[in-house]
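Colleague: Return atomic coordinates for the entry below.
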Amino acid sequence: MLGLLVGGIGMLAWLGPLPGHGPAAASEAPALPGPAQAAAAPSAPPGAEPVLDAAFRGPVPGRPIPAADPALLENGPYGRLPRIGPEGRSSIRTYGRGFDRQDQRPRIGLVVGGLGLNAAVSEEAIRRLPGAVALAFSPYAPRVELLLDQARAKGMEILVALPLEPSGYPLNNPGDRALLTGLSANENSDRLLWVLSRFTGYVGAVGALGPMRGERFAQLADSLAALQANLTGRGLLYIDPRPGAVRAPARAWGRGVDLVVDEPATRSEIERKLARLEALAREGGSALGYAGEASPVLVDRIAAWAGGIEERGLVLAPVTAMLRRPEQAASRSP
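Modeller: Residues are numbered from 1 along each chain as shown. From the prediction side, this is the model:
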């Protein structure tokens with residue numbers, strides 16, 4: 001546990017201070033230090049978004065994302081697990097999609113879940129969705145390597161879907177390896193290791209499995225904080241899928257979702273939610289949407305909507321370009 005905490009602190013230090021986005025926030029952004037100076041740098045305003053330091057450029061937008069780097073993996077009880085690599089290299093940086101972080105247009109991010117269980121539906125989603133859309137794969141999906149390679153070839157960021165106890169449990173059951181409120185901390189930690197070892201090469205995790213968004217698990221603040229600290233110590237981000245619940249996770253680099261776009265998953269409602277997502281981005285500079293299932297109607301509507309987004313003065317951004325500092329670190333230096 002101490003090793004994970006030290007790794008997490010090292011990652012926070014290396015990321016450095018967080019300038020905001022948009023013209024108003026830009027004037028508040030401190031000068032960006034190099035890695036050696038980051039630990040002593042002042043904190044940015046709460047809610048600001050990070051920009052990677054000048055030494056790190058990441059993949060060029062649209063370029064393929066590399067396969068799993070052995071230097072960022074370690075052996076675990078159930079398979080290979082992500083870790084922070086030499087010189088502080090993390091999965092967030094290594095497997096993130098390139099993005100022009102000087103772009104001042106309002107940013108919209110999308111996370112689409114439900115990938116992996118149906119190969120045909122997953123392949124269609126990868127083929128038709130814009131490359132900036134992040135894909136959340138189920139840890140229960142068998143033989144996802146080919147799908148992951150297809151997504152990386154298109155430059156799409158990958159997340160692992162976490163089966164956390166949802167509202168309505170046990171009627172809504174996220175699976176036999178789910179993290180549950182009735183389990184001990186050690187049992188949930190063991191189940192998290194199983195989930196994180198299902199596949200490799202992802203930037204982080206989303207606290208949802210399809211439409212089940214882990215509301216009951218998230219009510220246990222200590223359990224959720226321990227989960228996030230584990231992810232941080234492994235160089236991973238965390239997306240909270242509960243709309244409006246948090247601006248940023250308490251213990252992890254990440255972000256809270258602003259809107260669920262596929263409840264209900266009808267053509268008209270999806271279109272209405274995407275329009276609402278645009279309005280939120282214009283109001284606040286950025287907005288993040290989540291969709292639980294990569295259904296044909298969802299994929300069709302997102303593809304059509306995204307085709308004209310830049311003409312409307314916005315930009316579709318990868319999740320790694322929309323991260324926020326952990327809330328518990330927002331008022332102090334890393």
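Colleague: Now L193: closest residue in space that isn't a chain neighbour?
Modeller: For L193, ignoring the flanking residues on the chain, the nearest one in space by C-beta to C-beta, 6 or more residues apart in numbering is G76 at 5.4 Å. Every C-beta, even on glycine, is put in place using the N, C-alpha and C of the backbone.
Colleague: Can you name the residues that contact that neighbour?
Modeller: Counting by C-beta atoms under 8 Å, 6 or more residues apart in numbering, G76 touches 193, 196-197.
Colleague: out of the residues you listed, which are inside helices?
Modeller: Applying DSSP state H to the contacts of G76, the entries found in helices are 193, 196.
Colleague: Kindly indicate which of the contacts of G76 lies nearest L135.
Modeller: L196 (16.6 Å; C-beta to C-beta).
Colleague: The closest one is in contact with L159, isn't it?
Modeller: No. In this structure, L196 is not within contact of L159 by C-beta atoms under 8 Å, at 11.5 Å.
Colleague: joint contacts of those two?
Modeller: Common neighbours of L196 and L159 (criterion: C-beta under 8 Å, 6+ apart): A205.
Colleague: Check whether L117 sits in a helix, strand or coil.
Modeller: Classification of L117 using DSSP: H, G, I helix; E, B strand; the rest coil returns coil.
Colleague: What's the local residue count around it?
Modeller: If you count neighbours by other C-beta atoms under 10 Å, L117 ends up with 16.
Colleague: Cross-check the contact I'm expecting between it and Y140.
Modeller: Yes. Judged on C-beta under 8 Å, L117 makes contact with Y140 at a distance of 7.0 Å.
Colleague: Which parts of this structure are strands?
Modeller: Ranges of strands within the chain are 73-75, 80-82, 107-115, 134-137, 158-161, 204-206, 237-240, 254-256, 259-260, 286-291, 315-316, based on DSSP state E.
Colleague: could you dump those strands to TSV with mean neighbour count?
Modeller: Below are those laid out as TSV (neighbours: other C-beta atoms under 10 Å):
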stretch	mean neighbour count
strand 73-75	13
strand 80-82	21
strand 107-115	26
strand 134-137	27
strand 158-161	25
strand 204-206	27
strand 237-240	28
strand 254-256	25
strand 259-260	18
strand 286-291	26
strand 315-316	19
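Colleague: okay if I get those as TSV plus distance to Q150 and mean pLDDT?
Modeller: Shown next, in TSV, are the strands of the chain (distance: least, C-beta to C-beta, whole Å; pLDDT from 0 to 100):
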stretch	distance to Q150	mean pLDDT
strand 73-75	21	98
strand 80-82	21	98
strand 107-115	11	98
strand 134-137	10	98
strand 158-161	11	98
strand 204-206	20	98
strand 237-240	22	98
strand 254-256	25	97
strand 259-260	26	98
strand 286-291	19	98
strand 315-316	19	98
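Colleague: and I92, which of these is closest to it?
Modeller: Closest to I92 of the strands of the chain, according to C-beta to C-beta: strand 237-240, at 5.4 Å.
Colleague: which residues are contacting that closest one?
Modeller: With contact meaning C-beta under 8 Å, 6+ apart, strand 237-240 is reached by 92, 111, 159, 203-207, 218, 227-228, 231-232, 246, 249, 252-257, 288, 290, 319-320, 323.
Colleague: how close does G254 get to L231?
Modeller: Distance, G254 to L231, by C-beta to C-beta, to the nearest Å: 8 Å.
Colleague: Find the residues that touch each one of these two.
Modeller: What both G254 and L231 touch, as defined by C-beta under 8 Å, 6+ apart, is the set 204, 237-238.
Colleague: Nearest to L129 among those residues?
Modeller: The closest of the shared contacts of G254 and L231, once distances to L129 are taken by C-beta to C-beta, is G204, at 18.6 Å.
Colleague: Give me the nearest residue to that closest one, chain neighbours excluded.
Modeller: Closest to G204 by C-beta to C-beta, 6+ apart is L237, at 3.3 Å.
Colleague: So the one you found versus V319, what's the distance?
Modeller: Taking C-beta to C-beta, one finds L237 at 7 Å from V319.
Colleague: Overlap in contacts, those two.
Modeller: Common contact partners of L237 and V319 (C-beta under 8 Å, 6+ apart): 203-204, 255.
Colleague: got a markdown table for the residues you listed, with distance to G85 too?
Modeller: Putting the shared contacts of L237 and V319 into a markdown table (distance: C-beta to C-beta, whole Å) gives the following:
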| residue | distance to G85 |
| --- | --- |
| V203 | 14 |
| G204 | 15 |
| R255 | 23 |
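Colleague: Spatially nearest residue to the most centrally placed residue in the chain (excluding sequence neighbours)?
Modeller: Nearest to the geometric centre of the chain sits I239, at 4.6 Å (C-alpha atoms, centre = their mean). Nearest non-adjacent residue to I239, counting by C-beta to C-beta, 6+ apart: V206, 4.1 Å away.
Colleague: do A294 as well
Modeller: Using C-beta to C-beta, 6+ apart, the nearest residue to A294 is A125, at 4.0 Å.
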